[in-house]
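J.: Need a 3D model of the sequence below.
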Amino acid sequence: MPVYLARVYVTLKPTVNDPQGLTIRGALHDLGFRAVESVRAGKYLELRLEADGQQDAERQVEEICRLLLANPVIEVYRFQVEPETA
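T.: Sure, this is the predicted structure:
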């Protein structure tokens with residue numbers, strides 16, 4: 001069965017306060033990077049999974065994101081799935 005690589009990005013919805021992002025922005029300003037206006041923190045995950053094809057892999061990743069990786073109340077997610085190359 002083919003193996004696929006999924007790259008998943010999970011971020012807070014734009015309307016949700018991001019205390020981690022504010023802390024990072026403050027630290028960057030303290031380091032002299034005053035040009036940084038805002039920072040939004042998120043999660044990046046890579047999943048390797050077996051699937052019967054591209055559509056099956058995308059379906060699995062969609063379900064994984066919906067059930068576990070993202071909180072739909074406060075987060076959004078996007079992903080890319082591609083066949084894994086040796």
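J.: for residue 35, helix, strand, or coil?
T.: coil (DSSP: H, G, I helix; E, B strand; the rest coil).
J.: what pLDDT does it get?
T.: On pLDDT, residue 35 comes in at 98.
J.: for the one 5 residues further on, same thing?
T.: According to the per-residue confidence, residue 40 scores 97 in pLDDT.
J.: Now for it, how many residues are close by?
T.: Counted with other CB atoms under 10 Å, residues neighbouring residue 40 total 14. All C-beta atoms are positioned from the backbone trio N, CA, C, and that covers glycine.
J.: same question, the one 4 residues further on
T.: When neighbours are defined as other CB under 10 Å, residue 44 has 9 of them.
J.: element containing it?
T.: Applying DSSP states H and E as the criterion places residue 44 in strand 42-50.
J.: Pull out the buried positions in that strand.
T.: By neighbour count on 16 or more other CB atoms under 10 Å, the buried set for strand 42-50 is 47, 49.
J.: Packing partners of it?
T.: Under the contact criterion of 3 or more CB pairs under 8 Å, 6 or more residues apart in numbering; DSSP states H and E, strand 42-50 touches strand 3-12, helix 54-64.
J.: So which of those has the densest surroundings on average?
T.: strand 3-12 (a mean of 18; mean count of other CB atoms under 10 Å).
J.: I'd like to check the angle between the helix or strand harbouring residue 27 and strand 42-50, please.
T.: For residue 27, the host element (DSSP H and E) is helix 19-30. Helix 19-30 and strand 42-50 meet at an angle of 120 degrees, taking axes from the mean of the first three to the mean of the last three CA atoms, to 10 degrees as the criterion.
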